[in-house]
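Q: mind folding the following:
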Amino acid sequence: MEKKFDVSAVCNALMDIIVDATDKDLNHFGLTKGIMHLVDQHRQLEILAYLSGHQQTVELGGSSMNAIRALSSLGKSTVFAGAISNDDFGHSIKNRMGELKIEHRLGIVEGGTGTCLILVTPDGERTMNTCLGASRLYGESLIPHDDIAQSKIFHFCGYQWDTAPQKQSILDALNTAKRHGTLISFDLADPFVVKHNREDFIGIIKDFADIVFCNEEESRLLFESSPEEAAKRIGQLEAIAVVKLGAKGALIGQGNQILATPAVSTQVVDTTAAGDMFAGGFLYGYTSGKDLATCGKIAATLASDVISRYGARLSDRALELAKQI
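A: Residues are numbered from 1 along each chain as shown. Here you go, the predicted model:
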């Protein structure tokens, strides 16, 4: 059956606030480098006040949003669903999605639009402090079932595994996708969420997933194994495994076969959205009928480009190169 959308997604709708920081700043707030920390608005404001003299960049954010952004920029038809509030950040998200030609199903709820305060240290590593705000109120009534049914792929990430309504909404979306022959793409998202939801995530992979994205640390936490063994385990659960290894590239596994994808060398400025853009590039290749090796090359190209600047923004050169691959 012909589908209206290449990829649909449900995820936290966030604005990223990217700030230069040092290891000393992280230590001051007791932050673990390189992972996501869930915080409230008071904590966000406290950190922002401490770093008030540092350079800041504000840009559209959210894990699955970043992947959808890459796909839309490459000409794919996309739709994104999430929750925002009727505030300045909510208006910014809606306007930015319009500029990027991403169809949206944004529910308006209370609580303040979510933000992600990202501290970028001189080594390019990003440490996230996420205040989910309105996203925590995303519920079953907001799921765009018709859009999911009309998509080739439904993409979501582990960051949704927070409140009971969020979890139930994703399970409802997964069942809709399964009933209508929509492939399911699952990005584990972050070691923090994998550590706290290991059994749930293994169950989701077993019951629903067709494509699974994770990084080295997430794969270790999920299966208590090496990346190679994790790729095999995901393959045994009948999903395509995409295990990202940073500067070492990635492993792509299907069944008993594992392909090594080399990284594209670049000067690292900010690792924000590297994994998200990798997922977006891979899904672009996959929905274009490319083989897994080519999907990996496209993904590595976009990931290397986004980490060469602040924020989840891809260059025109990288987008054109991805299309040529």
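Q: any regions of this protein where pLDDT drops low?
A: The chain contains residues with pLDDT under 70 at 1.
Q: what packs against the strand or helix carrying Val242?
A: Val242 belongs to strand 240-244 when assigned by DSSP states H and E. Strand 240-244 makes packing contacts with strand 211-215, helix 216-223, helix 227-236, strand 250-254, helix 274-287, helix 292-306 when contacts are defined by 3 or more CB pairs under 8 Å, 6 or more residues apart in numbering; DSSP states H and E. For the C-beta atoms, the positions are set from N, CA and C on the backbone; glycine is no exception.
Q: centre-most residue in the protein?
A: Ser63 (2.6 Å; CA atoms, centre = their mean).
Q: tally of neighbours for the residue nearest to that residue when sequence neighbours are not counted?
A: Spatial nearest neighbour of Ser63, chain neighbours left out: Cys157 (4.5 Å); criterion: CB to CB, 6 or more residues apart in numbering. Counted by other CB atoms under 10 Å, the residues lying close to Cys157 total 28.
Q: over to Leu221?
A: Neighbour tally, Leu221, other CB under 10 Å: 20.
Q: with Gln324 instead?
A: Counted with other CB under 10 Å, Gln324 comes out at 8.
Q: which residues touch it?
A: With contacts taken as CB atoms under 8 Å, 6 or more residues apart in numbering, Gln324 has no neighbouring residues.
Q: same deal with Ala230?
A: Applying CB under 8 Å, 6+ apart to Ala230 gives the contacts Cys214, Ser219, Arg220, Leu222, Phe223, Ala241, Val243.
Q: measure the spatially most distant residue from the centre of the chain to Pro122 for me?
A: The centre of the chain is farthest from one residue, Gly53, which by CA atoms, centre = their mean lies 29.2 Å away. Distance of Gly53 to Pro122, computed by CB to CB, to the nearest Å: 16 Å.
Q: do Asp190 as well
A: Taking CB to CB, one finds Asp190 at 22 Å from Pro122.
Q: more neighbours: the two, which one.
A: Asp190 (23 against 10).
Q: ok so, going back, turn the contacts of Ala230 into a markdown table, including distance to Ser72 and neighbour count.
A: Output for the contacts of Ala230, formatted as a markdown table (distance: CB to CB, whole Å; neighbours: other CB atoms under 10 Å):
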| residue | distance to Ser72 | neighbour count |
| --- | --- | --- |
| Cys214 | 24 | 30 |
| Ser219 | 28 | 28 |
| Arg220 | 32 | 17 |
| Leu222 | 29 | 23 |
| Phe223 | 33 | 18 |
| Ala241 | 25 | 28 |
| Val243 | 26 | 25 |
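Q: in TSV: these, plus distance to Ala250.
A: Compiled in TSV, those are given as follows (distance: CB to CB, whole Å):
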residue	distance to Ala250
Cys214	10
Ser219	11
Arg220	15
Leu222	16
Phe223	17
Ala241	10
Val243	6
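Q: of those, which pair is most distant in space?
A: Arg220 and Ala241 (13.7 Å; CB to CB).
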